[in-house]
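Peer 1: Give me a model of this one.
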Amino acid sequence: MGIDLLAGGRNKKVHRTAPKSANVYLALLVKLYRFLVRRTDSKFNKVVLKRMFQSKTNSPPLSLSKLAAFMKGKEEKVAVIVSTVTDDVRLFDVPKLKVVALRFTETARARITKAGGECLTFDQLALERPTGKNCVLLRGPKTHREAVKHFGKAPGVPQSDTKPYVRSKGRKFEKARGRRRGCGYKA
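Peer 2: Predicted coordinates:
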């Protein structure tokens, strides 16, 4: 069997063109941002639309402390996150910020509003700033998932920082030869 060139050959478009989620509100936002991408020549809207299609692993949450750090010196601008904003108990003082996100955890929303900031939705942002002027587009850390700690060189190999899949973190579990000086060698 050959490739049907009349039908367009190989499928080279492997990225998402619509969200997998069945969330009707997300579908409405996609509709709105498709319109904005078509009618404005703003790259910001294109990126926001693309990020609305992304999977859960590719749109990780952003904590309040990271958000505050990223927005230092940009307090007059609007922070835009196409995912969830979560609370961080380690952050003592929350700055006054204007934040747009798909979701806010209850405590994160309460802390932002208590500090005199605003929590907006994407439809409100579209009305206020249709081209994304004076907006800072932010992302959460992709490599902070538990699964990522297990990627890389095999655990036990020299110069490996990879976390092994162990049942328990006790004395009897992967703590003998190669793990301590008293048992042969320590890698």
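
Peer 1: use CA for all of it now, contacts and neighbours both
Peer 2: OK.

Peer 1: who's in contact with Pro155?
Peer 2: Shown in contact with Pro155 (C-alpha atoms under 8 Å, 6 or more residues apart in numbering): Asp161, Thr162, Lys163, Pro164.

Peer 1: Just the buried ones out of these, please.
Peer 2: Among the contacts of Pro155, the ones that count as buried by 16 or more other C-alpha atoms under 10 Å are Thr162, Lys163.

Peer 1: how about the contacts of Pro155 in JSON lines, adding secondary structure, distance to Thr131 and pLDDT?
Peer 2: As requested, those are exported to JSON lines (DSSP: H, G, I helix; E, B strand; the rest coil; distance: C-alpha to C-alpha, whole Å; pLDDT from 0 to 100):
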{"residue": "Asp161", "secondary structure": "coil", "distance to Thr131": "44", "pLDDT": "90"}
{"residue": "Thr162", "secondary structure": "coil", "distance to Thr131": "43", "pLDDT": "93"}
{"residue": "Lys163", "secondary structure": "coil", "distance to Thr131": "44", "pLDDT": "93"}
{"residue": "Pro164", "secondary structure": "coil", "distance to Thr131": "47", "pLDDT": "92"}
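
Peer 1: centroid residue for this structure?
Peer 2: Averaging the C-alpha coordinates of the chain gives a centre point, and the residue nearest to it by C-alpha atoms, centre = their mean is Pro60 (2.6 Å).

Peer 1: From Ala79, how far out is the nearest residue to that residue once chain neighbours are set aside?
Peer 2: If the residues on either side of it in the chain are set aside, Pro60 comes closest to Gly140, at 5.0 Å by C-alpha to C-alpha, 6 or more residues apart in numbering. From Gly140 across to Ala79, the span is 12 Å (C-alpha to C-alpha, to the nearest Å).

Peer 1: Of these two, which one has the most company?
Peer 2: When Gly140 and Ala79 are compared on other C-alpha atoms under 10 Å, the one with more neighbours turns out to be Ala79, at 23 against 19.

Peer 1: OK, contacts around the more buried one?
Peer 2: With contacts defined as C-alpha under 8 Å, 6+ apart, Ala79 is in contact with Met71, Leu97, Lys98, Val99, Val100, Cys135, Val136, Leu137, Leu138.

Peer 1: Reduced to three states, what does the fifth one come out as?
Peer 2: Taking DSSP: H, G, I helix; E, B strand; the rest coil as the rule, one finds Val100 in the strand state.

Peer 1: Surely it is in contact with Ala126?
Peer 2: No. In this structure Val100 lies outside contact range of Ala126 using C-alpha atoms under 8 Å: 10.5 Å.

Peer 1: of these two, who's got more company?
Peer 2: Ranked by neighbour count (other C-alpha under 10 Å), Val100 and Ala126 place Val100 first, with 26 against 16.
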